[in-house]
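> Sequence plus predicted model, see below.
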Amino acid sequence: MFKNSKKFTLLFFLLLTFTQKSCQAHIELINALTALKTKLLSLQKKLQELKQDQVMHPSGIWAQLKASDKKKLPASEKFNLFYHDCDTFAKTENSKIPQHDPSQDKILRIVTFNVFKMTKGVEAIKQVITTLNPDIIILEEAFNLNSRFGPEENKLNDYDSLHFGLFGGYLGDQFGNTLLWKKNLKLAKPIEALKYQNPSRGEPRAYIKALFNLSSGKQLLFYGTHLDIHDKTDDVRTKEVQEVIDDVKTSNIPNIIYAGDFNAVREKDYDNATWLLAEQEYLAFANKPGAPKVEKMPTQALKHLMDNGFEDCFTITNPTAKFPGPQFTVWTGTVVDFIFLKKDTWNLPIAGCYVYYSAASDHLPIIMDIDLS
């Protein structure tokens, strides 16, 4: 009896030791698999960032400028390169933008588009708008669409609009900012069109402010703008941005968009070599005989905006990518068109951000899709 008990105890301890070692091995295996999963997720994230960087295309202006060993290119050559880039990239990139049908999806599409005084014709602008089918679009350098399109051939009759003519009278019509929104969108209050207080060279600039009630039950506060272009220091643009920042402080709406043509740049949107070329050309343009000397390309307007809680939609949706947004949005090869969000309060899901390559203007449309489901 004693011998059997001794054997049983020995067997028990052997089994316990084996079980402990087996559990330890199991734990080590789980830890190894967890570490492997973490590495795979990190690699997947890096591959996504690389893919994101690969689809963002730099302007051909910088390659041409580097090859020519010039300090700046003539405007005509830059326009030709811009339109060539648009045609090239449109073939591969525009198809990646989801088609938007408000009757089928629960997406709210926001677009900003400088239409270059409709120089390429009203039909070209209408084609871009109908293709992208935005729910809200701010147009810069636009004429009054109601007077330009006409009722019979009007393809935009499912939009309401507000036009704020500012300068440059042409055929009895001033161009400025135009806000269009789908008629099924409900305004929470009347739209405001406000001039900035610090015009440069006497040329007024403005923003349009609209508060929308969304189908999700939330509200969206939208500012559409076109900032000063003549200021070589960013001082005027910084003051203009501050006016909107001050206005935002009077609101308790969390979801705020500030979109448009800012005529301002950020160094973070370019690699080092491109930034040096862009700054070189800017200084060659800015430092004209008799003008105050400019030492560097100004960046404080957008820095001031971001220091006050705003960030562009591309960076918010892909914060770890080296270049999350487009590498040019205008014929000069730079990035000046943005959809900024009040990052610290924003609480609506963003389904995607895109750039649409088109030769209909000298700027590219910027698109953001908000998920309202």
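Sure, I can see it.
> Please make it C-alpha for all contacts and neighbour counts, starting now.
OK.
> contacting residues around the helix or strand where residue 91 lies?
Assigning secondary structure by DSSP states H and E places residue 91 in helix 75-93. Here helix 75-93 makes contact (C-alpha atoms under 8 Å, 6 or more residues apart in numbering) with 55, 57, 59-61, 330-333, 356-359, 362.
> now do 7 Å
Contact with helix 75-93 is made by 59, 60, 61, 331, 332, 357, 358, 359, as judged by C-alpha atoms under 7 Å, 6 or more residues apart in numbering.
> And the pLDDT for the closest residue to residue 297 other than its chain neighbours?
Closest residue to residue 297 apart from its sequence neighbours, by C-alpha to C-alpha, 6 or more residues apart in numbering: residue 279 at 5.5 Å. Note on residue 279: pLDDT of 94.
> where does residue 228 land in three-state SS?
Using DSSP: H, G, I helix; E, B strand; the rest coil, the structure places residue 228 in coil.
> shouldn't it be in contact with residue 204?
No. Using C-alpha atoms under 7 Å, residue 228 makes no contact with residue 204, being 8.0 Å away.
> For those two, indicate the residue with more neighbours.
More crowded of residue 228 and residue 204, by other C-alpha atoms under 10 Å: residue 228, with 26 against 17.
> Tell me which residues touch the closest residue to the more buried one other than its chain neighbours, please.
Take residue 228 and drop its neighbours on the chain: the residue closest to it by C-alpha to C-alpha, 6+ apart is residue 237, 5.9 Å away. Each residue near residue 237 by C-alpha under 7 Å, 6+ apart is listed here: 227, 228, 301.
> Spit out the contact partners of residue 297.
Residue 297 makes contact with 279, 282, 283, according to C-alpha under 7 Å, 6+ apart.
> Let me know the helix or strand that the first one is in.
Spelled out, it's residue 279. Secondary structure assignment for residue 279, by DSSP H and E: helix 272-286.
> And the contacts of that helix?
62, 71, 72, 232, 267, 294, 296, 297.
> Those into CSV, with extra columns for secondary structure?
Converted to CSV, those look like this (three-state DSSP):
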residue, secondary structure
62, helix
71, coil
72, coil
232, coil
267, helix
294, coil
296, coil
297, coil
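> And for stretch 247-266, what's in contact with it?
By C-alpha under 7 Å, 6+ apart, the residues outside stretch 247-266 that reach it are 112, 114, 138, 219-229, 299, 301-302, 335-342, 345-347.
> again, but for stretch 337-352
Contacts to stretch 337-352, defined as C-alpha under 7 Å, 6+ apart, come from residues 254-262, 309-313, 329, 366, 368-371.
> one more time with 8 Å
Contacts of stretch 337-352 with the rest of the structure, by C-alpha under 8 Å, 6+ apart, involve 107, 112-113, 254-263, 309-313, 316-317, 329-330, 363-364, 366-372.
> do stretch 299-318 as well
With C-alpha under 8 Å, 6+ apart, stretch 299-318 has contacts from 234-235, 237-238, 241-242, 245, 264-267, 321, 324-325, 338-344, 350, 352-354, 368.
> Counting only strands, which of these make the cut?
Among the contacts of stretch 299-318, the ones falling in strands (DSSP state E) are 338, 339, 340, 341, 342, 350, 352, 353, 354, 368.
> what about the strands in the chain?
Going by DSSP E, the chain shows strands at 107-114, 136-142, 159-170, 173-182, 186-187, 192-195, 206-213, 219-226, 256-261, 310-312, 337-342, 350-355, 366-371.
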